[in-house]
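# Provided below for reference: sequence and predicted model.
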Amino acid sequence: MTQVLEKAPLQGDKKKELLMDSLGLASGSFLSRIFSWHIPDDLQRAYELAYPDKAAAMSLHEAAAQMDEKQLMGFTNGIKGKLFELRYTDYLNDGHLPAGYHAELANSATQPGWDIAILDDAGRMDEALQLKATESADYIEHAFERYPYINIVSTDEVYSQVTLGDMADHLINSGISNEELTDYVHSHVLAMSDTGHEFFLPSLIPYAIIAYSVARKKELSDYKKGKEFGRRSLISYVCHTLGIAVGAFTHTWWLVPVTSVGLRLAHHYGNKKYEAYQSLKRYVKTNRCVLKRYRKIIAGFDL
């Protein structure tokens, strides 16, 4: 019995199936990681301005990879706020100020009171602006109470909420959406972290490869193709999810594809041994029935 279980040979189709599924699991993780390594210029600039000391010591990838989920949320909010300031400064300097005027960001990331200065043609400050990348009107109200003499530039979401009162007179609509800013920063920064980035950016590559592999099997009916695609996709999804869990727990991204592929191989060979074992059980049961009949026949002759 042990020898039969150990052999459990792979058929040609099963070998191709295992190869394709393993390729999908591995390539999905690696390609997601490769694409996440590209940092847009504006995001890199926002990181350098928001966290100058950290940016001088490590790259954005390295900084994101060292943080847990809670730290990462605060980190991305800081970058989002600075990106908001950069985009609005560019907007003002792109022909939206009087001739000779220009906008400049505050030199310090923690400049109290204002974030952008509007300078005249002589370099003197004509106006200061606070910028708040938020969708909370309460946050804007708190900023206004603290600095009532400084106008506030808000996102679309907040400006639509504040239409009356003294605060409305000091509120400027940036034309920039907080939701768009948040999605933009999160889609890049969370992909760089090792805290389960693939939960936010699931890869479709394994399932595309499985679909292609199944579609090539012309001997199968559409129903059987759908059934096989569902079976293999479910197995790949479970293996991939467990791989992500291991990668997030260990903060080691390359363990995601290694674990995923390892589990897919273990499932395949384990399933083959289970099938061989079940087959042997059927053979044993059949043989026992045959032996039982022979015993009855032999017992009849003895009589």
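Thanks, I have the structure now.

# and for residue 67, nearest residue in space, chain neighbours not counted?
Nearest-residue entry for residue 67: residue 75, 5.9 Å, with adjacent residues in sequence omitted and distances by CB to CB, 6 or more residues apart in numbering. (C-beta placed from N, C-alpha, C; glycine too.)

# wait, the one you found sits on residue 190?
No - Residue 75 lies out of contact with residue 190 (CB atoms under 8 Å); the separation is 10.1 Å.

# before we move on, the earlier item: for the residue nearest to residue 67, what is the enclosing helix or strand?
For residue 75, the host element (DSSP states H and E) is helix 69-93.

# for residue 139, see how far away the nearest residue to residue 137 once chain neighbours are set aside is.
By the measure of CB to CB, 6+ apart, the closest residue to residue 137 outside its immediate chain neighbours is residue 161, 4.5 Å from it. Distance of residue 161 to residue 139, given as CB to CB, to the nearest Å: 11 Å.

# same check, this time on residue 220
From residue 220 over to residue 139 the distance is 58 Å, taken as CB to CB.

# how about residue 269?
56 Å.

# again with residue 274
Taking CB to CB, one finds residue 274 at 58 Å from residue 139.

# what about residue 176, which SS state?
What DSSP: H, G, I helix; E, B strand; the rest coil gives for residue 176 is coil.

# how about it, what does it touch?
84, 87-88, 133, 155-156 (CB atoms under 8 Å, 6 or more residues apart in numbering).

# for residue 217, same thing?
Neighbours of residue 217 in contact, by CB under 8 Å, 6+ apart: 225, 228.

# what helix or strand does residue 275 sit in?
helix 255-302.

# thinking again about what came up before, thought the residue nearest to residue 137 was touching residue 138?
No - contact criterion CB under 8 Å: residue 161 and residue 138 do not qualify, at 9.8 Å.

# can I assume residue 132 is in contact with residue 158?
Yes - contact criterion CB under 8 Å: residue 132 and residue 158 qualify, at 7.1 Å.

# of residue 161 and residue 138, who's got more company?
residue 161 (14 against 10; other CB atoms under 10 Å).

# poorly predicted segments of the stretch 151-300 of the chain, please.
Within the stretch 151-300 of the chain, the segments meeting pLDDT under 70 span 163-167, 191, 193-203, 248, 251-254, 300.

# could I get the full set of helices for the stretch 51-200 of the chain?
52-57, 60-65, 69-93, 137-146, 156-159, 166-169, 178-192, 197-200 (DSSP state H, counting those that start in this stretch).

# mind listing what's buried in the strand ranked longest in the chain?
Counting residues, the longest strand in the chain under DSSP state E turns out to be strand 125-132. By 16 or more other CB atoms under 10 Å, the buried positions in strand 125-132 come out as 128-132.

# could you do stretch 96-113 as well?
So for stretch 96-113, counting by 16+ other CB under 10 Å, buried means 97, 103, 105-106, 109.

# stretch 162-178 too?
By 16+ other CB under 10 Å, the buried positions in stretch 162-178 come out as 162, 167, 170-171, 174, 176, 178.
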